[in-house]
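In: return a 3D structure for these sequence lines:
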Amino acid sequence: MEINILTICYLIGSVTFIIGLKMLSHPETARKGNLIAAAGMAIAIFGTIFLYQENGLKLSNYAWIFAGLFIGTVAGTMAARKVKMTAMPEMVSLFNGMGGACAALISVVEFGHINHSGEPAGNITLLIIFAGLIIGAVSFAGSMVAWAKLNGRIKDYSFNGQHIVNLVILAFIILASAYYIFSTPVGLGYIFYAVLALSLIYGLFFVLPIGGADMPVVISLLNSFTGVAAACGGFLYDNPVMLTGGILVGSAGTILTILMCKAMNRPLSNVLIGSFGVNQKSGSSSFSDQGNIKEISINDTAVVMSYAKKVIIVPGYGLAVAQAQHVCHELEKVLSEKGVEVSYAIHPVAGRMPGHMNVLLAEADVDYAKLQEMEQANEQFPSTDVVLILGANDVVNPAAKSDPSSPIYGMPVLDVELAKLVVVNKRSMKPGYAGIENALFFDPKTSMLFGDAKDVLQKLVAEIKSV
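Out: Numbers count the residues shown, from 1 in each chain. As a prediction, this is how the structure comes out:
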């Protein structure tokens, strides 16, 4: 009877994962979907702890289990409560890396059991163990590098021939794994640990050269890796809820990665061999060669926006840094009260992770209907009176369309220069995350509004109210 109850627990967990993932597709239901999936996970975890048994024996090491649960719960809760919105991509990378590490450790533990038992393991079992080890280790190492790069602790690094080195390491990993799996050599367990070490090295080299502008795609890809690695653990333990969760994460991450690649105009094959988005020297001229910029005052900006018929706001990482999403929403409401049509243009890779701007604006209760995807927004820019860019840089850079030497050349961007007036809010003329200059700032229709986004928006709202 207990086994049947455990099966029901796993079924509930699997169903809640699917329902939760579906609800995450819309900001209005995302919070509830997250709670539903978490509840299903809790049911599956406690069902396993109290109902699982093998050969008539139940789990007995409750002290270790609950100590781990307590430490993990406290650490995760505190980290999630304290994290700033700007640091959310770093946390996603860190947590994703922990998932990859867990999947790899499962393979290490199960391989140790096989070695100590002295009984030969089947090829399928070894294949799953090695797959979980390789994918989990790559996800862990890559996610740690992504976390460090997002955190500013390390910079992009590459050397001549690195792509070839990556491919050679990957080939060694595959060949060594295949040799062990299909020949099952006695006394050559060190091959397994060599594969682990090479996988970690490959994970490091895989992410180190990737440029900052491409980091959202990398985060999404590594997330799918962790899901696949977790699914391997589900196969090993014949655990349906672990398998379902891993498959959902892996498939969702893969789909998102493909969509991100499409948005960045990058082939998925480049991502898989680790040559995706490597920073290059841009052929663009320096700021001093571009010409002069025009500045605009708060008062003038308030006047042109108050008398505009249509305004589009382009949020970027600078908005997140300033924690100005709530003031931005207030600006939208003030303009709407004056009869101005206001919407938001969201680039797929604006910010530091997929959906970063959507989450940021949802936090401020911005109406989801006002968020326009890139294709929709690009159709609207020619009839727009004012575009207000808040901390976005690379996603509005016309070099993506005009400069073949630029590292972002070919990436679809927001065609903000088609509007009648472009107002760019930045704290300085410092380049964006991709480290390249933006010719948009010197466009005759562009005016710069320098200052912290939150401070500028607060002053702008006050000025518009008085107009």
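In: now the host helix or strand of Ile43: average pLDDT?
Out: Element membership of Ile43 [criterion: DSSP states H and E] is helix 27-51. Across helix 27-51, pLDDT averages out at 90.
In: which residues are in contact with that helix?
Out: 2-3, 5-6, 9-10, 12-17, 19-24, 58-59, 62, 65, 69, 239, 241-242, 245, 358-359, 362, 368 (CB atoms under 8 Å, 6 or more residues apart in numbering). In this view, the C-beta of every residue, glycine as well, is placed from N, C-alpha and C.
In: narrow the residues you listed to just the buried residues.
Out: Buried residues within the contacts of helix 27-51, counting neighbours by 16 or more other CB atoms under 10 Å: 6, 9-10, 12-14, 16-17, 19-21, 23-24, 239, 241-242, 245, 358-359, 362.
In: my guess is Val424 meets Ile389, correct?
Out: Yes. Shown here, Val424 and Ile389 form a contact pair, counting by CB atoms under 8 Å, at 4.6 Å.
In: what touches both of these two?
Out: With CB under 8 Å, 6+ apart as the test, Val424 and Ile389 reach no residue in common.
In: just the strands in the stretch 51-200 of the chain please.
Out: Counting by DSSP state E, counting those that start in this stretch, one finds strands in the stretch 51-200 of the chain at the ranges 53-54, 57-58.
In: quick one: low-confidence ranges for the stretch 201-350 of the chain?
Out: 211-214, 264-266, 269-291 (pLDDT under 70).
In: can you show me the strands along the stretch 351-467 of the chain?
Out: 371-373, 386-390, 421-426, 446-450.
In: need the winner for burial among the ones you listed.
Out: Comparing the strands of the stretch 351-467 of the chain by mean neighbour count (mean count of other CB atoms under 10 Å), strand 386-390 ranks first with a mean of 28.
In: list the contacts of that strand.
Out: 301, 304-305, 308, 310-316, 318-319, 324, 328, 345, 381, 396, 416, 419-425, 453, 457.
In: quick check, distance from the host helix or strand of Ile313 to the centre of its chain.
Out: Assigned by DSSP H and E, Ile313 belongs to strand 310-315. Distance of strand 310-315 from the chain centroid (CA atoms, centre = their mean, to the nearest Å) equals 24 Å.
In: likewise for stretch 125-137?
Out: 24 Å.
In: in the stretch 101-250 of the chain, which spans are helices?
Out: 123-150, 162-183, 190-207, 215-237, 240-264 (DSSP state H, counting those that start in this stretch).
In: if we go by neighbour counts, what in the helix holding Ile43 is buried?
Out: 27, 30, 33, 36-37, 40-41, 43-44, 47-48, 51.
In: next, format those residues as JSON lines and append distance to Tyr179.
Out: Output for the buried residues of helix 27-51, formatted as JSON lines (distance: CB to CB, whole Å):
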{"residue": "Pro27", "distance to Tyr179": "49"}
{"residue": "Ala30", "distance to Tyr179": "46"}
{"residue": "Gly33", "distance to Tyr179": "44"}
{"residue": "Ile36", "distance to Tyr179": "45"}
{"residue": "Ala37", "distance to Tyr179": "40"}
{"residue": "Gly40", "distance to Tyr179": "40"}
{"residue": "Met41", "distance to Tyr179": "38"}
{"residue": "Ile43", "distance to Tyr179": "42"}
{"residue": "Ala44", "distance to Tyr179": "36"}
{"residue": "Gly47", "distance to Tyr179": "39"}
{"residue": "Thr48", "distance to Tyr179": "35"}
{"residue": "Leu51", "distance to Tyr179": "40"}
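In: give me the buried subset of the contacts of strand 386-390.
Out: Buried among the contacts of strand 386-390 (16+ other CB under 10 Å): 301, 304-305, 308, 310-316, 318-319, 324, 328, 345, 381, 396, 416, 419, 421-425, 453, 457.
In: my guess is Lys426 contacts Met448. True?
Out: Yes. In this structure, Lys426 is within contact of Met448 by CB under 8 Å, at 6.8 Å.
In: out of the contacts of helix 27-51, which are inside helices?
Out: Using DSSP state H, the members of these that fall within helices are 2-3, 5-6, 9-10, 12-17, 19-23, 62, 65, 69, 241-242, 245, 358-359, 362.
In: ok so, going back, give me the angle between the strand holding Ile313 and strand 421-426.
Out: Computed by axes from the mean of the first three to the mean of the last three CA atoms, to 10 degrees, the angle separating strand 310-315 from strand 421-426 equals 20 degrees.
In: return the alpha-carbon coordinates of strand 310-315 using CSV.
Out: The C-alpha trace of strand 310-315 is given here as CSV (Å, rounded to 0.1, in the frame of the first residue of the first chain):
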residue,chain,number,x,y,z
LYS,A,310,2.7,57.9,-28.9
VAL,A,311,5.6,57.1,-26.6
ILE,A,312,7.5,53.8,-26.4
ILE,A,313,9.7,53.0,-23.4
VAL,A,314,12.7,50.7,-24.0
PRO,A,315,13.8,49.2,-20.6
